[in-house]
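K.L.:
how would this look folded up:
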Amino acid sequence: MKYLKLVVIAAAVSFLAGCTGHVYNAQKNCSYDYLLHPDVSISKLIGGCGPVGNYK
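P.N.:
A predicted model of the protein is given here:
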């Protein structure tokens with residue numbers, strides 16, 4: 001049972017670590033990190049960096 005818990009925790013951490021990233025704005029003078037997708041980032045929602053560049 002303890003082994004199963006460790007496997008589940010390791011899988012969750014691996015999943016979340018694979019869904020993070022870093023995006024610069026169009027002028028390349030501001031950036032922010034995101035967890036799952038750049039469009040649902042708090043920085044994107046409040047417009048802290050202005051329009052972002054291509055993040056694909």
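K.L.:
tell me the pLDDT of Ala17.
P.N.:
In the predicted model, Ala17 carries a pLDDT score of 68.
K.L.:
sorry, that was for Ile9
P.N.:
With respect to pLDDT, Ile9 scores 91.
K.L.:
now swap in the one 4 residues further on and tell me
P.N.:
On the pLDDT scale, Val13 is placed at 80.
K.L.:
tell me which element it is part of?
P.N.:
Per DSSP states H and E, Val13 falls inside helix 2-18.
K.L.:
and the next helix or strand after that helix, which residues are buried?
P.N.:
Using DSSP H and E, the helix or strand that follows helix 2-18 in sequence is strand 21-24. Using 16 or more other C-beta atoms under 10 Å as the test for burial, strand 21-24 gives Val23. To be clear about C-beta, it is placed using only N, CA and C from the backbone, and glycine gets the same treatment.
K.L.:
what lines up beside whichever helix or strand comes after strand 21-24 in the sheet?
P.N.:
Following strand 21-24 in sequence order, the next helix or strand is strand 31-34 (DSSP H and E). Paired strands of strand 31-34, with direction, are strand 21-24 (antiparallel) (DSSP bridges).
K.L.:
and the helix holding Val13, how far out from the chain's middle?
P.N.:
Computed by C-alpha atoms, centre = their mean, to the nearest Å, the chain-centroid distance of helix 2-18 equals 18 Å.
K.L.:
put the alpha carbons of that helix into PDB.
P.N.:
Taking Å, rounded to 0.1, in the frame of the first residue of the first chain, the C-alpha atoms of helix 2-18 are listed here in PDB:
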ATOM      1  CA  LYS A   2       2.800   2.400   0.800                       C
ATOM      2  CA  TYR A   3       4.400   1.600  -2.600                       C
ATOM      3  CA  LEU A   4       1.200   2.500  -4.300                       C
ATOM      4  CA  LYS A   5       1.000   5.900  -2.600                       C
ATOM      5  CA  LEU A   6       4.500   6.700  -3.700                       C
ATOM      6  CA  VAL A   7       3.800   5.700  -7.300                       C
ATOM      7  CA  VAL A   8       0.600   7.900  -7.300                       C
ATOM      8  CA  ILE A   9       2.500  10.900  -5.900                       C
ATOM      9  CA  ALA A  10       5.400  10.400  -8.300                       C
ATOM     10  CA  ALA A  11       2.900  10.300 -11.200                       C
ATOM     11  CA  ALA A  12       1.100  13.400 -10.100                       C
ATOM     12  CA  VAL A  13       4.400  15.400  -9.700                       C
ATOM     13  CA  SER A  14       5.600  14.200 -13.100                       C
ATOM     14  CA  PHE A  15       2.300  15.200 -14.700                       C
ATOM     15  CA  LEU A  16       2.400  18.700 -13.200                       C
ATOM     16  CA  ALA A  17       6.000  19.200 -14.000                       C
ATOM     17  CA  GLY A  18       5.400  18.400 -17.700                       C
END
